[in-house]
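Enquirer: Give me a model of this one.
(chains A and B)
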Amino acid sequence: MGNDRYRVTRRQFGVGVFGAGVVATSLAGVAPSRAQGSPKRGGTLVATWGGGEPQACYVPAGGGSSPTFSSSKLFERLGSRTMDGKFQGELAESWKPSADFKSYTIKIRKGVKFHDGKDMTTDDVVYSIGEIWKKYSAASALTDFSGVEAPDADTVVMTFSKPIPEFFFSSLLCGNVNYIVPKHVYAGSDPVTNPANNAPIGTGPWKFKEWVRGSHFEYVKNDAYWRKDMPYMDRLIIRYVRDPAGRAAAMEAGDIHIGVFNPVAPPDIKRLTGTGKFVATPKGYEESVWSTTLECNMRNPVFAKREVRQAMFHAVDRSFIAKTVYYGYARPGTSPIYSPNKEFFTSDTYKTGFDPKKAAALLDAAGFPKKADGKRFAVNLLAAGWFTENGKIGAYVKQALEDAGIAVNLSVPDRPTSIKRIYTDYDFDMAISNQANPSEPVPSTTQYFTTDGIKKGVPFRNANGYSNPEVDALVEKIKVETDSAKRKELVFQFEKIITVEAPLLPLVELESITVASTKVQNHSNDPNYLAASWYDIWLAS
Amino acid sequence: MHRLEFIGRFARNRGALIGAVLILVVALMALLAPLFFPVDPLRIVGQPELWPGEDPDFPLGTDSLGRDMLSMIVHGARATLLIGLFASAVATLIGVGVGATAGYFGGWIDEIAMRAAELFQTIPNLIFVLTIVVILGSTLTNIVIAIGIVSWTPIARMTRAEFLSLRDREFVQACRAMGMGDLKIIVAEILPNALPPVIVLSSLVVAGAILFESAVSFLGLGDPNVASWGRLVGDGRLLIRSSWYICAIPGVAIMITVLCLNLIGDGLNDALNPKLRDR
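Expert: So this is what the prediction gives:
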């Protein structure tokens, strides 16, 4: 799989197939826990997530959520975001653009040491940006990148061939797996196969100790961590349990304290929180919002008219999907930019709500009246089998479309076959897939709609072949617009066009859930908590 | 007279009789499904996860999407029986073909055929079925073919053994002496004598095929356009702590059907090999 843009990793799925990855809810009245009293020091925290073991502890290109989860405790990024959406420095103290927005100056934090005792310097930063970000972790975001250098011992300057909006740049610094890696370990090697990827040496609050394959990672406290007196705990264990029911049992037994990204099946969430010993929260996923999408393959001439594509969405009741398939842990999608996105979401879009009569009228007018057998035309519907929910949605969408007079042949292939049929062979008329997007829409959201997003064989791009010069031009403008108010306006326009054109739209936005023991303190306090360093977590007795 | 004797011997085995009656019920259910439940069984018709008895409209409740469990069970009987019968037919055709050829001709043909059979036997059956289904695609026909391909080897070995013991008997030698062709000897003379144990084995393959199909569907690789018992069990597995009936009802249906088929196999064995029984 090609390396996607920053923050894209959850869409790449990696090798570890998500188990029965399920989705989640906003449980009323459950807020992420805040530190109660003074933090207790010492002890071991055991964590898990709603998927399998990673292919490597650290994968330079991202490699999916699983390696992101395991590596983000060991490596750190230059910046991160707070829960209210502000950017803050991690390994960078600050950054600012030049007057023409074609270069950015980053002040690097001093006194940071790698786990092997060597100082982190601007050399490491220059190496990481030029060799790791540009080539692997942020390759599709850094298309206009022209160079990086360190004019003095605590400053790094990145230059670009075009103006780069500040929000875009800040998002880049906070991007998943856009880490600062040690040059002395990686220089001169192939970063993808460097053995250090399975015993990473980073700057993070946790130091790698051991990986027992098939079972767990053991990390220990980094005594030389740059945040004074952090972390609170002595050890962090990341344990992998294949089955959601097994995770629920391990949590009930007290063997696992916290599980991120839907560790247990939805019916079990209520059961666990009902005991009073667990909390469930949808917080900590604001910068990685998942959705389930439906798309129409433009290579099939029946979808040439946008009215036909709109009718497909009018025929489907999205609240039914949210309520029944996801047990309410989802909400109907209305725009290619998702509603938790404070920066760019607008509700001023074309609405393709549930309206079978309108769907029928649109199809009649587009030249597809019901024939003698009651059918208008036939489609192959592919529901990607990596989440069990997709298959259920497939069964529902089939019924909904059949009610609208469209004959549907449903298939629910396994993960590799689904990826191949959707993103390489384009072997579908309609497809149900998933994506996860950060706030910054370029390129992670836009590449599903632009002509340059059509890349045969690259998963989670424009698979339906939609190509519209108007959209392409608009996205080019969004890329270089440095005035944030104007940029917002352009993104709103983009949302409007896409919802009218309807080549691909979210059926539902999913709410991912973290389940934690009530003993766990200071969790779910980062808008992408799975990829946060967890330096401040602690366990009450 | 001969037929009556056969039925009498079959019925002497009480288990087999019960099995046959129950299978008949399942088969009738499968045949009459469209009469009782004219609506597509995969249609969402009610509230999701209604327990059996909670709503008189859905005596067996509804699944996690709100589909009628009873309708899916009844329609599922069709898919299940069809897959079982056809997969068994495919396996029997391949098995008898290969086994008869190998046993009758012997020599290098036998060597090649039996090494091929061993090759198939060394691959774990379920994994082989899954591989074939993933490669060919999850449709009913492909699942039938896949199950047939993995289930033919015992039938081939059994047929071969029968042929080996029959091919040099006097009546066969007499046929040869009369100048009868090989094909005719195989089909008209030896096969009818070799068939009884093969039929017993085939009836067991039907049961095995149903289990294979259930496993494939349970793992989510079944044909999503068809109501099948295995798929229902697979769909219900995430809800086992809260709505266990979704797994349990089709699970019991599979169990009863497979058990009955095994009982029938026993009965057929008694009926076709009376000497074995009386010993």
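
Enquirer: now the helices for the stretch 1-150 of chain B?
Expert: Under the criterion DSSP state H, counting those that start in this stretch, the stretch 1-150 of chain B contains helices at B:2-12, B:14-36, B:69-105, B:107-122, B:125-136, B:140-166.

Enquirer: want to throw those into JSON lines with mean pLDDT?
Expert: Listed next are the helices of the stretch 1-150 of chain B as JSON lines, based on pLDDT from 0 to 100:
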{"stretch": "helix B:2-12", "mean pLDDT": "77"}
{"stretch": "helix B:14-36", "mean pLDDT": "88"}
{"stretch": "helix B:69-105", "mean pLDDT": "91"}
{"stretch": "helix B:107-122", "mean pLDDT": "92"}
{"stretch": "helix B:125-136", "mean pLDDT": "89"}
{"stretch": "helix B:140-166", "mean pLDDT": "91"}
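
Enquirer: Any stretches of the stretch 201-350 of chain A with poor pLDDT?
Expert: Applying pLDDT under 70 to the stretch 201-350 of chain A picks out no residues at all.

Enquirer: By mean pLDDT, which helix or strand of chain A comes out lowest?
Expert: helix A:9-12 (a mean of 39; mean pLDDT, DSSP states H and E).

Enquirer: tell me what the helix or strand following that helix is packed against?
Expert: Remark: after helix A:9-12, the chain's next helix or strand is strand A:44-49, criterion DSSP states H and E. Packing contacts for strand A:44-49, counted by 3 or more Cβ pairs under 8 Å, 6 or more residues apart in numbering or on different chains; DSSP states H and E, involve helix A:65-71, strand A:235-239, strand A:258-260. To be clear about C-beta, it is placed using only N, CA and C from the backbone, and glycine gets the same treatment.

Enquirer: And the ones you listed: which comes nearest chain B?
Expert: Chain B sits nearest to strand A:258-260 of all the helices and strands packed on strand A:44-49, at 15.7 Å, using Cβ to the nearest Cβ.

Enquirer: Helix or strand next in line after the closest one, which one?
Expert: Toward the C-terminus, strand A:258-260 is succeeded by helix A:266-274 as the next helix or strand (DSSP H and E).

Enquirer: Off-centre distance for that next one?
Expert: 25 Å (Cα atoms, centre = their mean, to the nearest Å).

Enquirer: Flag every buried residue along it.
Expert: For helix A:266-274, the neighbour count (16 or more other Cβ atoms under 10 Å in any protein chain shown) marks A:Pro266, A:Pro267, A:Asp268, A:Ile269, A:Arg271, A:Leu272, A:Thr273 as buried.

Enquirer: so what's the residue lying closest to A:Val302 once chain neighbours are set aside up against?
Expert: Once flanking residues are discounted, A:Val302 sits nearest to A:Phe377: 5.2 Å by Cβ to Cβ, 6 or more residues apart in numbering or on different chains. Counting by Cβ atoms under 8 Å, 6 or more residues apart in numbering or on different chains, A:Phe377 touches A:Val302, A:Phe368, A:Ile406, A:Ala407.

Enquirer: Among those, which lie within strands?
Expert: Counting by DSSP state E, the contacts of A:Phe377 place A:Ile406, A:Ala407 in strands.

Enquirer: Buried among the contacts of A:Phe377? Make that a PyMOL selection.
Expert: To isolate the buried subset of the contacts of A:Phe377 in PyMOL, counting by 16+ other Cβ under 10 Å, use the following:
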select buried, chain A and resi 302+368+406
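
Enquirer: Please name the residues that touch the residue of chain A most remote from its centre.
Expert: Within chain A, A:Ala372 marks the point farthest from the mean C-alpha position, 46.0 Å out by Cα atoms, centre = their mean. Applying Cβ under 8 Å, 6+ apart to A:Ala372 gives no contacts.

Enquirer: three-state assignment of it?
Expert: coil (DSSP: H, G, I helix; E, B strand; the rest coil).

Enquirer: how close does it sit to A:Gly405?
Expert: 12 Å (Cβ to Cβ, to the nearest Å).

Enquirer: so how many other residues sit close to the residue in the stretch 1-150 of chain B that chain A sits nearest to?
Expert: Going by Cβ to the nearest Cβ, chain A is nearest to B:Pro48 of the stretch 1-150 of chain B, at 5.0 Å. When neighbours are defined as other Cβ atoms under 10 Å in any protein chain shown, B:Pro48 has 19 of them.

Enquirer: For it, which non-adjacent residue is spatially closest?
Expert: That would be B:Gly66: by Cβ to Cβ, 6+ apart, it lies 4.2 Å from B:Pro48.

Enquirer: thought that neighbour was touching B:Asp55?
Expert: No - using Cβ atoms under 8 Å as the test, B:Gly66 is too far from B:Asp55 to be in contact (10.9 Å).

Enquirer: hmm, back to that, tell me which of the helices and strands packed on strand A:44-49 sits nearest to A:Ser439.
Expert: Smallest distance to A:Ser439 across those (Cβ to Cβ): 17.2 Å, for helix A:65-71.

Enquirer: Against which helices or strands is the closest one packed?
Expert: Helix A:65-71 packs on helix A:9-12, strand A:44-49, going by 3+ Cβ pairs under 8 Å, 6+ apart.

Enquirer: ok, 10 Å please
Expert: Contact here means 3 or more Cβ pairs under 10 Å, 6 or more residues apart in numbering or on different chains; DSSP states H and E; on that basis helix A:65-71 packs against helix A:9-12, strand A:44-49, strand A:206-212, strand A:216-221, strand A:235-239.

Enquirer: Select, out of the ones you listed, the one closest to A:Arg306.
Expert: helix A:9-12 (25.9 Å).

Enquirer: ok, back up a step: what does the residue farthest from the centre of chain A show for phi and psi?
Expert: phi -60, psi -30 (degrees, to the nearest 10).

Enquirer: before we move on, back to that, so which of the buried residues of helix A:266-274 also contact chain B?
Expert: Applying Cβ under 10 Å from any Cβ of the partner chain, the subset of the buried residues of helix A:266-274 adjacent to chain B comprises A:Pro266, A:Pro267, A:Asp268, A:Arg271.

Enquirer: Of those residues, which is the nearest to A:Ala531?
Expert: Nearest to A:Ala531 out of those is A:Pro266 (Cβ to Cβ; 23.3 Å).

Enquirer: close enough to count as contact, that closest one and A:Gly328?
Expert: Yes - the criterion here is Cβ atoms under 10 Å, and A:Pro266 meets it with A:Gly328 at 8.4 Å.

Enquirer: burial measure for the nearest residue to B:Ala11 once chain neighbours are set aside, as a count.
Expert: Taking Cβ to Cβ, 6+ apart as the measure, B:Ala11 lies nearest to B:Leu17, with 5.2 Å between them; neighbours along the chain are not counted. By the criterion of other Cβ under 10 Å, B:Leu17 has 16 neighbours.

Enquirer: Equivalent analysis for the one 4 residues further on, please.
Expert: B:Val21 is flanked by 10 other residues according to other Cβ under 10 Å.

Enquirer: Kindly report the same for the one 10 residues further on.
Expert: Burial measure for B:Leu31: 12 neighbouring residues, criterion other Cβ under 10 Å.

Enquirer: follow-up on the earlier one: between the ones next to chain B among the buried residues of helix A:266-274, which is closest to A:Asp317?
Expert: Nearest to A:Asp317 out of those is A:Pro266 (Cβ to Cβ; 19.3 Å).

Enquirer: gap between the closest residue to A:Ala532 other than its chain neighbours and chain B?
Expert: Nearest residue to A:Ala532, sequence neighbours excluded (Cβ to Cβ, 6+ apart): A:Asp526, at 3.7 Å. Taking Cβ to the nearest Cβ, to the nearest Å as the measure, A:Asp526 falls 29 Å from chain B.

Enquirer: C-terminal to the longest helix seen in chain A, what's the next element?
Expert: If you go by DSSP state H, chain A has its longest helix at helix A:484-501. Using DSSP H and E, the helix or strand that directly follows helix A:484-501 along the chain is strand A:504-510.

Enquirer: got the angle for that following strand vs helix A:484-501?
Expert: For strand A:504-510 against helix A:484-501, the angle by axes from the mean of the first three to the mean of the last three Cα atoms, to 10 degrees is 110 degrees.
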